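J.: Structural data only, the sequence is not supplied:
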């Protein structure tokens, strides 16, 4: 679905007309009283007919580069407009001085297309480049209007041929169209770059999650292998995995080994090396008799772990520790017959 280009409003209170004697483009003189100007404000109704902003003298008020939202009589007694729905690029060109002149076009009170017969009604406000202002003495931003049959527009007598004025208006429209195309191209390039950046971020997140899961599986495998090797007790397997996961995000540490050799190692790898190189905590050989009783009512003796499962060894160690008032580690060593 195509996106609507962003719009803004021109500065409020842009002057477009004033009371007095004015000569239209056909050479006819019209006298406008202050009451006529106030009446223009009273009858203007955008819901009946909204006057567009145009460039040059379009025969059918197209294309429109915004609309007159409302009219007012300012402190100087001049007709002024507020606008809306003005494309941002067009507003920027007005601000930059591309369109310095303006002129208003009106439906006369008796015009068949006048939505409020009996009063002058604003038809459109046109923006021009180098043409002189339509009504002398208006505050800057200056505009001019189109030439539909029967409507009245006010411009100073042209000092250039009409064809040349039309060529100038077409050139201004071409410039505006080119500027709008450039803005659209820049927006498309910006959106493409944003999409590519998001895709790259998503791919990195997916890769990071996959690497995290692979690393976790490797830590679990390592801990299980160390339980079998006897370097960690079964009850410490989960804590070993959790510690390795926590250390996996830590910054690698650099240190000097014996002989002055420098080494850089990840904390998680250092811990794995330390565990692997430790003496076994359990030994499943023949053991010396001792005293104690397991949780199943069996006599627990030093060296009675032969043929037992990890859970049975754990239960026996707890019973031995309780009966002999020693630590779990000491009890485990006694049950499996380990000596330092």
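T.: Cool, got the structure. What you see is a predicted model, and the numbers here were worked out from it, not measured in a lab. Residues are numbered from 1 along each chain as shown.

J.: Closest to the centroid, which residue in this structure?
T.: residue 194 (8.6 Å; C-alpha atoms, centre = their mean).

J.: Residue 219 versus the spatially closest residue to residue 248 that is not a sequence neighbour, what's the distance?
T.: Among residues not flanking residue 248 along the chain, residue 268 sits closest, at 4.6 Å (C-beta to C-beta, 6 or more residues apart in numbering). (Each C-beta comes from the backbone N, C-alpha and C, glycine too.) For residue 268, the distance to residue 219 equals 8 Å [C-beta to C-beta, to the nearest Å].

J.: ok, now residue 228?
T.: Counting by C-beta to C-beta, the gap from residue 228 to residue 219 is 15 Å.

J.: Please identify which of those two sits among more neighbours.
T.: More crowded of residue 228 and residue 219, by other C-beta atoms under 10 Å: residue 219, with 20 against 12.

J.: part of a strand, is the more buried one?
T.: No - counting by DSSP: H, G, I helix; E, B strand; the rest coil, residue 219 is not part of a strand but helix.

J.: contacting residues for the residue lying closest to it once chain neighbours are set aside?
T.: Closest residue in space to residue 219, ignoring its immediate chain neighbours: residue 244 at 4.3 Å, by C-beta to C-beta, 6+ apart. Residue 244 makes contacts with 219, 222, 223, 268, 271, 272, as judged by C-beta atoms under 8 Å, 6 or more residues apart in numbering.

J.: at 7 Å what do you get?
T.: Residues in contact with residue 244 (C-beta atoms under 7 Å, 6 or more residues apart in numbering) are 219, 268, 271, 272.

J.: go on, residue 46?
T.: Contacts of residue 46 (C-beta under 7 Å, 6+ apart): residue 69.

J.: pLDDT value on it, please?
T.: You'll see residue 46 listed with a pLDDT of 94.

J.: next one: stretch 79-91 to chain centre, how far?
T.: Offset of stretch 79-91 from its chain centre (C-alpha atoms, centre = their mean, to the nearest Å): 27 Å.

J.: State the mean pLDDT of that stretch.
T.: Here the average pLDDT along stretch 79-91 is 91.

J.: ok, and what's touching it?
T.: 5-10, 12-18, 37, 40, 53, 65-74, 125, 176, 179-180, 183.

J.: Take those and keep only those in strands.
T.: 7-8, 14-17, 53, 67-73, 125 (DSSP state E).

J.: By neighbours, which of those wins?
T.: Counting by other C-beta under 10 Å, top hit in the ones in strands among the contacts of stretch 79-91: residue 53 with 28 neighbours.

J.: what about the residue nearest to that one when sequence neighbours are not counted, how many neighbours?
T.: Distance criterion C-beta to C-beta, 6+ apart; nearest residue to residue 53, sequence neighbours excluded, is residue 66 at 4.2 Å. When counting by other C-beta under 10 Å, one arrives at 22 neighbours for residue 66.

J.: give me phi/psi at residue 66?
T.: Backbone torsions of residue 66, given as degrees, to the nearest 10, read phi 120, psi 180.

J.: I'd say it and residue 54 touch.
T.: No - contact criterion C-beta atoms under 7 Å: residue 66 and residue 54 do not qualify, at 9.3 Å.

J.: and the residue nearest to residue 248, what are its phi and psi?
T.: Backbone torsions for residue 268, taken as degrees, to the nearest 10, come to phi -60, psi -40.

J.: Now do the contacts for it.
T.: 244, 247, 248.

J.: Repeat the analysis, applying 10 Å as the threshold.
T.: 215, 218-219, 222, 243-250, 252 (C-beta atoms under 10 Å, 6 or more residues apart in numbering).

J.: What does the pLDDT read for it?
T.: pLDDT at residue 268 comes out at 86.

J.: tell me the helices in the stretch 101-250 of the chain, going along the chain?
T.: All helices of the stretch 101-250 of the chain, identified by DSSP state H, counting those that start in this stretch, fall at 162-229, 237-247.

J.: Next secondary structure element downstream of the shortest one?
T.: Under the assignment DSSP states H and E, the closest C-terminal helix or strand after helix 237-247 is strand 253-256.

J.: hmm, who's touching the helix or strand following that next one?
T.: Using DSSP H and E, the helix or strand that follows strand 253-256 in sequence is strand 262-265. Strand 262-265 is touched from outside by 252, 253, 254, 255, 256, 257, 270, 271, 273, with contacts defined as C-beta under 10 Å, 6+ apart.

J.: Partner strands of strand 262-265, with direction?
T.: strand 253-256 (antiparallel) (DSSP bridges).

J.: residues making contact with the strand it pairs with?
T.: Contacts for strand 253-256 (C-beta under 10 Å, 6+ apart): 261, 262, 263, 264, 265, 266, 267, 270.

J.: Select, from these, the two members most distant in space.
T.: 261 and 267 (19.0 Å; C-beta to C-beta).

J.: neighbour count winner among these two?
T.: Counted by other C-beta under 10 Å, residue 261 and residue 267 do not tie: residue 267 has more neighbours, with 17 against 8.
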